[in-house]
Structures are given as structure tokens and as C-alpha cells.
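Trainee: this one's structure only:
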């Protein structure tokens, strides 16, 4: 864990407007200065996953501490998942090829694999998607799927 005083100094320096919450734009400048290559979309995804409100684009100090730790741990864990293999798995679930996994697709694949009964109520799959659906659009994109898979593997 990094020094909290150091993180607080960084947080206060980034909070240029003094509202007590950092926006994605404020954080993006910090990330770029560190030399970490991260798209705005990826950063927005991470911020939403760390924030109290699943659809918020800003972080308070405690959530920023989590993000700070995540960024530096992320650099160490980059090789943990083979993106190609994970993308192939994603394509199995994305049966209609639209780039998203719907509740129906998730339920169909999991029941075909014998992981859930075919008669399982769709609400359980809907809850699984809601847990990882950080952009709140009702389906999982590849980044959200990757987060779901990494949380399942670490559980």
C-alpha cells in the first residue's frame, strides 16, 4: 500500500476545482504524466468500477486511493490474462456477434455448458450482468466481461 499522505497530496493537486471529487479528465492527465498508456474509455470503465455510484465519472478520496492502488498493481499483473484467449471466450458468449453479451446469451451458453439448469430464472443472469455492467446499458462488453472473468478466477 502506498503512503496515504502522498496519495492525498496527489489527490488535492488533481482536484483543481476543489469540489472534493476527481473527474475522469482530471485523473486522465495524472495517468498520462505517469507514462501509463490508458484510453479514456478504459479509464472511465475503471473509475466507474471504483466509484460509489456505478454510473459516476468521478471519485472521492477513498475511491481514488483504490484506483491509485489498482493502477500500480495493474502494471504488475498485465500478463495475467491472455487477451486473445479471453476474446475467443467472449465470442462464444456473444452468439449474435454484436460485441455484447446479453442476459439471454449468457443464460443460453451457461446452460449449454451445464453450469446452470436450462430452466433457471433469467433474473439470476440479469443480476450477474448488472454486477459487472459498469456503463449501465444492460449488456456486457469485452472490458466488462474481462472484469467478470478475473473476479471469478480470483474468487
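Mentor: Perfect, thanks for sending it. All values derive from a computational prediction rather than experimental measurement.

Trainee: CA atoms for contacts and neighbours, from now on please.
Mentor: Fine.

Trainee: any low-confidence regions in the chain?
Mentor: 1-2, 33-38, 49-56, 70-84, 114, 118-120, 151-155 (pLDDT under 70).

Trainee: Show me the helices in it, by range?
Mentor: Along the chain, counting by DSSP state H, helices occupy 4-14, 24-33, 40-50, 61-77, 83-93, 103-112, 122-132, 142-154.

Trainee: Now mean neighbour count too, for those helices, in a markdown table please.
Mentor: Listed next are the helices of the chain as a markdown table, based on neighbours: other Cα atoms under 10 Å:
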| stretch | mean neighbour count |
| --- | --- |
| helix 4-14 | 14 |
| helix 24-33 | 16 |
| helix 40-50 | 19 |
| helix 61-77 | 15 |
| helix 83-93 | 15 |
| helix 103-112 | 18 |
| helix 122-132 | 17 |
| helix 142-154 | 15 |
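
Trainee: can you pull the contacts of the nearest residue to residue 147 once chain neighbours are set aside?
Mentor: Leaving aside its sequence neighbours, residue 147 sits nearest to residue 132 (Cα to Cα, 6 or more residues apart in numbering; 7.2 Å). Applying Cα atoms under 8 Å, 6 or more residues apart in numbering to residue 132 gives the contacts 140, 144, 145, 147, 148.

Trainee: ok, now how distant is the second one from residue 133?
Mentor: Meaning residue 144. Separation of residue 144 from residue 133 (Cα to Cα, to the nearest Å): 6 Å.

Trainee: Repeat that for the fourth one.
Mentor: Per Cα to Cα, residue 147 is found 10 Å from residue 133.

Trainee: Kindly report the same for the third one.
Mentor: In this structure, residue 145 and residue 133 are separated by 9 Å, where distance is defined by Cα to Cα.

Trainee: Map the structural domains onto the sequence of the chain.
Mentor: Domain ranges of the chain: 4-79, 83-154, per automatic domain parsing.

Trainee: residues touching residue 41, list them.
Mentor: Taking Cα under 8 Å, 6+ apart, one finds nothing in contact with residue 41.

Trainee: go on, the one 5 residues further on?
Mentor: For residue 46, the residues meeting the contact criterion (Cα under 8 Å, 6+ apart) are residue 67.
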